[in-house]
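>>> How does the following fold in three dimensions:
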Amino acid sequence: MKIVRRLTIRAWLLVISVLFSVLAVGGISLVSYAIVYEGMVTVAKEHSKQVVGDISDVVRMHVDSVRQESPDLVGTESWRALVLRLSAFVAGWGAPESHVALYDSKGGLLWVNTPDPTVIQDPARLEEALDSDQILRSTVGETAPFRGMFFPAALPIYVTHVPLELPDGSRGVLIITHRSINEEQVIDAVRSPMFAHAAVAALAMIIVVQMTLGRILKLVDNLRLAAESIDAGRLDVRLPEEGEHEISRLAKVLNALIDRLQRKAEAQTRFIADASHELATPVAGIRGYTNILKKWGTADPEVQAEAIAAIDRESNRMARLCKDLLALVRDEKTMEIQSVRFDVNAVCRETLAAAATRYMSKGLEFIGPEEGQLIMIGDSDKVGDMISILVDNAAKYTEKGSVSVQTRRKRDTIVIEVADTGIGIHPEEAESIFERFYRSDVSRSKRTGGFGLGLPIAKTIVDGIKGTIEVSSTVGEGSIFTVRLPRGRM
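Sure thing, here's the model as predicted:
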């Protein structure tokens, strides 16, 4: 049992392939042998009938000749004349597989073609042939059909009782025993090539199966190496993707998964470094202005006011960063969604008004939805936070032009589109901007003062409301974020 348990998958597959090959090739060989055997039996049966017909015709011809040439011969003299003719016929016959004997009506042997006959004598069959006056056929010595696969073939012996009239007018029986020597030789001749071809076929099947399984096991081994690399923190291993088959498609899917894991790991590492830097900057500022307060703050009111303002500004920045981090790590399943009736257009206009105040120095044009109400049932605070994030993101990356928010109702869905005329997003980055810890451009994010956390938070809010969010963008022309939210029951 221990040895069996220690067998590897490759060893198990080798054993299974050997067993399968032996069974498959063995089954084909058995069927082939059975076909050959049955064919030879049919040939032997027809050959036996032909031999019996030929011998019977010759014997009857000689009987008629004796009766016509010597009509005065009776009893012993008549059959002696017949025996002379039959002996002369047998001398030039040359058919060792057939043995012939002639019996009278009382079962007495009148003539046999060999000194040591293998004729099967059956008194009951002889009497039955005389009584019925019909040709009786039977077989003796039948063996198992598949014996010839391992031992010399032995087909049945065909025995035929032919009733006929002797020259003296009495009744007699001609017994013909036929052995299928030629057919047995054919079966014996195909045995060795059959085994040789079976062995070659089994070996070829084992080799093909092992080569096929070898490719599969190589993929499994590559998967193991990839898993070990991921466990060790290395994400640079890739599986081969040659060909257009199931294995290559699986390799492509796994490589894409490793790519995503690598991007997430790099994003997390980059985020930790950036977050540490972002936290270190306000902390350093707070410590510096605290020292200023200690040294000169009590004596100079202006210095005191400037230091307090700076400390307040940096602490607020730290608070925003901590708030963003907490929003990201919060479990979406526990997000509490309120259901109140509110005007989406009003929320959009309030958000745009606040953004216009914050980005007044840029001179951007903020365009809101058309006048009128667009009522939905949902969480107005969450929707407001989401719109604020999208508007703030659009304003940050738009140096000149406009930021617009348009809304419309489409059946039971509220559609909110936030568009800008900013720098746009590269197509290869569009799929990743909603991922946690992802920052499409570190230098750009630092220039705008952001943490790269806004869009993931917006995606979390939309998912919590059971909505969808997508982006379409052209580099240098701007971006459009489209949010679809359920309108809710009115």
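>>> now the closest residue to residue 391 other than its chain neighbours: how far from residue 51?
Counting by Cβ to Cβ, 6 or more residues apart in numbering, residue 391 lies nearest to residue 355, which is 4.9 Å off, once chain neighbours are set aside. No exception for glycine: its C-beta is placed from N, CA and C like everyone else's. Distance of residue 355 to residue 51, given as Cβ to Cβ, to the nearest Å: 113 Å.
>>> now residue 295
134 Å.
>>> In terms of packing, which of these two has more residues around it?
residue 51 (18 against 11; other Cβ atoms under 10 Å).
>>> Report how many residues lie close to the residue nearest to residue 391.
20.
>>> any chance you could map the strands in the stretch 101-250 of the chain?
109-112, 136-140, 157-165, 171-178 (DSSP state E, counting those that start in this stretch).
>>> Just the buried positions in stretch 361-377, please.
364, 366, 368-369, 374, 376 (16 or more other Cβ atoms under 10 Å).
>>> Quick check: mean pLDDT of it?
Mean pLDDT, stretch 361-377: 90.
>>> Just give me the neighbour total for residue 309.
11.
>>> before we move on, what about the one 4 residues further on?
Here the count is done by other Cβ under 10 Å, and residue 313 has 14 residues near it.
>>> Could you identify the helix or strand that succeeds the least confident helix or strand in the chain by mean pLDDT?
Within the chain, no helix or strand scores below helix 2-6, which has a mean of 44 by mean pLDDT, DSSP states H and E. Using DSSP states H and E, the helix or strand that follows helix 2-6 towards the C-terminus is helix 9-69.
>>> just to revisit the earlier point, ok, and what's touching the helix or strand containing the residue nearest to residue 391?
Assigned by DSSP H and E, residue 355 belongs to helix 344-358. With Cβ atoms under 8 Å, 6 or more residues apart in numbering as the contact definition, helix 344-358 has outside contacts at 364, 366-376, 380, 383-384, 387-388, 391-392, 395, 403, 405, 407, 414, 416.
>>> sorry, back to before: turn the buried residues of stretch 361-377 into CSV, including distance to residue 473 and secondary structure.
CSV is the format used below for the buried residues of stretch 361-377 (distance: Cβ to Cβ, whole Å; DSSP: H, G, I helix; E, B strand; the rest coil):
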residue, distance to residue 473, secondary structure
364, 18, coil
366, 19, strand
368, 22, coil
369, 21, coil
374, 25, coil
376, 27, strand
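>>> Test my guess that residue 380 contacts residue 340.
Yes - here residue 380 reaches residue 340: they are 6.0 Å apart, a contact under Cβ atoms under 8 Å.
>>> what about those two, which has more around it?
More crowded of residue 380 and residue 340, by other Cβ under 10 Å: residue 380, with 17 against 11.
>>> Give me the nearest residue to that one, chain neighbours excluded.
Closest to residue 380 by Cβ to Cβ, 6+ apart is residue 342, at 4.0 Å.
>>> Run the chain-centre distance for the helix or strand hosting the one you found.
According to DSSP H and E, residue 342 maps onto strand 340-343. For strand 340-343, the separation from the chain centroid amounts to 52 Å (computed by Cα atoms, centre = their mean, to the nearest Å).
>>> got the CA positions of that strand in CSV?
Output of strand 340-343 as CSV, limited to C-alpha atoms (Å, rounded to 0.1, in the frame of the first residue of the first chain):
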residue,chain,number,x,y,z
VAL,A,340,-35.2,58.5,0.8
ARG,A,341,-36.9,60.5,-2.0
PHE,A,342,-34.6,63.2,-3.4
ASP,A,343,-33.9,65.3,-6.5
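>>> strands paired with that strand, and their directions?
strand 375-378 (antiparallel) (DSSP bridges).
>>> Give me the contacts around the strand it pairs with.
With Cβ under 8 Å, 6+ apart as the criterion, strand 375-378 contacts 337-344, 414, 465, 485-490.
>>> Which parts of stretch 129-139 count as buried, going by neighbours?
So for stretch 129-139, counting by 16+ other Cβ under 10 Å, buried means 129-130, 135-136.
>>> With stretch 338-353 instead?
Going by 16+ other Cβ under 10 Å, stretch 338-353 has these buried residues: 342, 344-349, 351-352.
>>> can you tell me how far the most centrally placed residue in the chain sits from residue 219?
Among the residues of the chain, the one closest to the centroid is residue 246, at 6.5 Å (Cα atoms, centre = their mean). Distance, residue 246 to residue 219, using Cβ to Cβ: 10 Å.
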